[in-house]
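Chemist: Next one to model:
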Amino acid sequence: MNGAHSLVKTLLSSGVDTCFANPGTSEMHFVAALDQVPGMKCILGLQENIVTGMADGYYRIARKPACTLLHCGPGLANGMANLHNARRARSGIINIVGDQATFHRPFDAPLTADTDSMARTVSQWVQTSTRSDELGRDASMAVRAAKTYPGQIATLIVPADISWEEAAVVSEPIAPAPPPATDFNVIEVAANILRNNNNVLILLAGTGLSTQAQLLAWQIANATGAAVLADYVIPSIARGRGRMQLERVPYSNTSAIKTLERYEHIILVNAKAPVGFFGYPGMPSRQYSARAQVHVLTRADQDPILALQELAKILDAPAIDIPDPGPRPLPSKGSPTAEKLAQTVAALMPEHAIISDESISYGRDFYRFTHAAPPHDWLHLAGGAIGDGMPVATGAAIGAGKQRRVINIQADGSAMYSLQSLWTQAREKLPVTTIILNNSKYNILIGEYENVGAAPGATAMSMLDIGNPNLSWVKLANGMGVEAAKATTLEQCADLMQNSFKNTGPFLIELMI
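Modeler: Modelled structure (predicted):
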């Protein structure tokens, strides 16, 4: 048995059964092992940033890590933007990155790179294997790191000769350590704050936005009068009927400061104290009041459920149903607006749909129009590096076993970063409906000009215009093997959505906004 066989067998024995791949020469023995050892589902992406984004979306829905296969340092570099997003989302991923054979590395061949240093910028765990008989153990350690709550990026760098050498050993799975428990004193402090103060905010993020965590937060808020919000930067949130009618802290610094200014105490549940996405002239970085006291109930690496259960118990907060959000909206008509599109999506989405939202500026107000939709999961861009919406949607569909409809609400500019995702959707026959919001601009950057006080001229505006020449998303999708059609009204969009939901494969709607 060579090293590559031990690697695949160890991954499978550790529960990793899906590999998102864009392989190269240095990984050919691993590719051969994937063929010779049954059990690993292999998904090809046409560029590494598609591969890493798919692994991120997969983890957010399947709640278990997949592995990626990336070609040497440059392949890792291609995938780093969505690994940045995955790290911010706290997704669990095992990157298998090929490298020069150990004896060949000193000759500085063209693909030789400082892969270890690159990996450390987007990984919580990095290891370069140096012996074939230790590769299985290294793989077990990588899986343990990726499974460490709530999820981590683990990168295992495998020189080519470590894959092809014989005398390898399959390693037993290594269980990750349980998440650190919340100190009881911290819970008591939170209880006292909630009992004795007005203007208290409970801020939820990460696993604090699961259905169970929301039910507990609502129970506590109802008993104490506290407000509850979701952080702006969140990887996923359970939404629709049976979940809280939560809003996020606004993206805009001015709006966020106005929203948060009244709170004197902020209790963080797997969240960070709110700060602006960027720094702006004359504006504070912190979005909450200078007089506010910030209290950490649970960190991102802690399970919030036990802490919230104990907090509800101390407060003697009775169990209570989440209020009904009212009737489900009807599909909207006429020219597209953000409000009308949100209502149409809420009106038509199937039960337990998954929304992959990279609508950027267009979709910041979607939440308040979609509370009455059926239960669904909403996935967000967590790290700010655009280009994750399409690959995350693709990985989410695979993570759901093709059993749930994925709706990718996608800005046109950021879609161009990762449109190869459509090819994988067609190849795998994935139930993904993509709605391209075509305004032919990097609209978010036009808004940022005003925020930073700059005055754009003709040259600047030309760099924010992607309408010269116009992109044809119908043709781009067709070229990737995906059926597509253009819509200029909400009625057309609704008809195309409904028809796509009846099919098992992907479909793209180019919505002119």
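
Chemist: Going by C-alpha atoms from here, please, whenever you check contacts or count neighbours.
Modeler: Will do.

Chemist: Please name the residues that touch the most centrally placed residue in the chain.
Modeler: With distances taken as C-alpha atoms, centre = their mean, residue 235 lies nearest the centre of the chain, 4.5 Å away. Taking C-alpha atoms under 8 Å, 6 or more residues apart in numbering, we find residue 235 in contact with 60, 88-89, 206, 379-382.

Chemist: And for residue 510?
Modeler: Here residue 510 is in contact with 435-438, 473-474, 484-487 (C-alpha under 8 Å, 6+ apart).

Chemist: mind redoing it with 10 Å?
Modeler: 410, 412, 434-438, 472-474, 477, 484-488, 493 (C-alpha atoms under 10 Å, 6 or more residues apart in numbering).

Chemist: Would you write a PyMOL line that selects the buried entries of those residues?
Modeler: Paste this into PyMOL to select the buried members of the contacts of residue 510, with burial taken from 16 or more other C-alpha atoms under 10 Å:
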select buried, resi 410+412+434+435+436+437+438+473+474+477+484+485+486+487+493
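
Chemist: quick check, residue 19 in a strand?
Modeler: Yes. If the criterion is DSSP: H, G, I helix; E, B strand; the rest coil, then residue 19 is within a strand.

Chemist: thought it was touching residue 59?
Modeler: No. Residue 19 is beyond contact range of residue 59, at 11.9 Å (criterion: C-alpha atoms under 10 Å).

Chemist: Now do the shared contacts for the two.
Modeler: 65-66.

Chemist: before we move on, the earlier item: which of the contacts of residue 235 sits closest to residue 6?
Modeler: Nearest to residue 6 among the contacts of residue 235 is residue 60, at 27.5 Å by C-alpha to C-alpha.

Chemist: Now do the same for the closest one: helix, strand or coil?
Modeler: Per three-state DSSP, residue 60 ends up helix.

Chemist: ok, for it, nearest residue in space, not its chain neighbours?
Modeler: residue 91 (6.6 Å; C-alpha to C-alpha, 6 or more residues apart in numbering).

Chemist: show me what contacts the one you found?
Modeler: 55-60, 63-66, 83, 85, 146-153, 235.

Chemist: rerun that using 8 Å as the cut-off
Modeler: Applying C-alpha under 8 Å, 6+ apart, the residues near residue 91 are 56, 59-60, 65, 146, 150-153.

Chemist: How about stretch 404-422, which residues are buried there?
Modeler: 404-415, 417-422.

Chemist: all helices of the stretch 401-513 of the chain, in order?
Modeler: 412-415, 421-428, 443-452, 458-462, 473-479, 490-501 (DSSP state H, counting those that start in this stretch).

Chemist: which one of those lies closest to residue 78?
Modeler: Of the helices of the stretch 401-513 of the chain, the one closest to residue 78 (C-alpha to C-alpha) turns out to be helix 421-428, at 14.4 Å.

Chemist: Just the mean pLDDT for the closest one, thanks.
Modeler: Per-residue pLDDT over helix 421-428 has a mean of 98.

Chemist: repeat for stretch 257-269
Modeler: Taken as a whole, stretch 257-269 has an average pLDDT of 98.

Chemist: Thanks a lot, catch you later.
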